[in-house]
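Student: Compute the structure for the input listed below.
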Amino acid sequence: MFQAPERALLLTETAAFTGLISLGSWISIPFIPVPFTLQTLFVLLSGALMKRYAVFPTTLYLLMGILGIPVFHSGTAGLGILLGPTGGYLLGFVPGAFITGIFFERPERTARVFGIILGDGIIFLCGILWLTISTGISLTTAFLIGVLPFIPGDVVKGYAVWLIGARLERVSRYGTVGESGS
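Tutor: Alright, predicted model coming up:
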């Protein structure tokens with residue numbers, strides 16, 4: 001499956017993206033019921049660079065938070081956060097990163113752009129579904145307060161993922177960052 005250099009690169013990328021997602025949670029602007037953070041930037045970027053293996057840092061990030069390590073937004077942690085209004089968004093990180101990664105395994109630009117949109121959309125979908133369950137609000141209200149205000153920021157983050165992913169892939173292709181091309 002993996003030779004030693006690929007395994008080392010996978011471990012390194014997993015550690016780096018777990019740290020970046022955690023760091024992105026500390027860059028938080030309080031908003032009700034869900035804060036603005038940079039987590040989704042790093043979740044989607046992990047998909048762009050690690051492809052389908054982006055499930056590793058996102059899952060590790062969630063496990064760290066569940067175990068009480070303060071990696072969730074604004075330094076929070078614990079299972080209670082996943083059961084609260086933001087839990088669906090956090091759980092959506094895993095399938096969002098995976099879907100983005102699957103689409104980034106294809107070389108076509110349109111597939112990759114669609115992957116960013118779909119990955120982010122899955123995070124939003126998981127978020128608003130859990131928001132309705134955890135708070136009892138309607139889907140429409142959940143969309144209005146849990147998606148709509150975040151769209152402009154996520155468009156900017158998605159564009160950043162596109163630019164950074166393309167740049168790092170180009171550098172990687174020439175062998176200066178890694179030989180595996182991931």
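
Student: Now Ile102: closest residue in space that isn't a chain neighbour?
Tutor: Excluding its sequence neighbours, the residue lying closest to Ile102 (Cβ to Cβ, 6 or more residues apart in numbering) is Arg52, at 5.7 Å. The C-beta positions use only the backbone N, C-alpha and C, and glycine is treated the same way.

Student: Which residues does stretch 61-78 contact?
Tutor: 18, 21-22, 25-26, 28, 30, 35, 37, 39, 79, 81-82, 86, 90-91, 93-94 (Cβ atoms under 8 Å, 6 or more residues apart in numbering).

Student: Among those residues, name the ones in strands.
Tutor: Applying DSSP state E to the contacts of stretch 61-78, the entries found in strands are 28, 37.

Student: Let's see which of the contacts of stretch 61-78 end up in helices.
Tutor: Residues from these lying in helices, with DSSP state H as the criterion: 18, 21-22, 25-26, 39, 79, 81-82, 90-91, 93-94.

Student: mind listing the helices for this protein?
Tutor: Going by DSSP H, the chain shows helices at 4-26, 39-50, 55-66, 79-83, 87-104, 109-135, 139-146, 151-173.

Student: For the residue nearest to the spatial centre of the chain, give its distance to Ile123.
Tutor: Centroid-nearest residue in the chain: Val43, 2.0 Å away (criterion: Cα atoms, centre = their mean). Using Cβ to Cβ, to the nearest Å, Val43 is found at 7 Å from Ile123.
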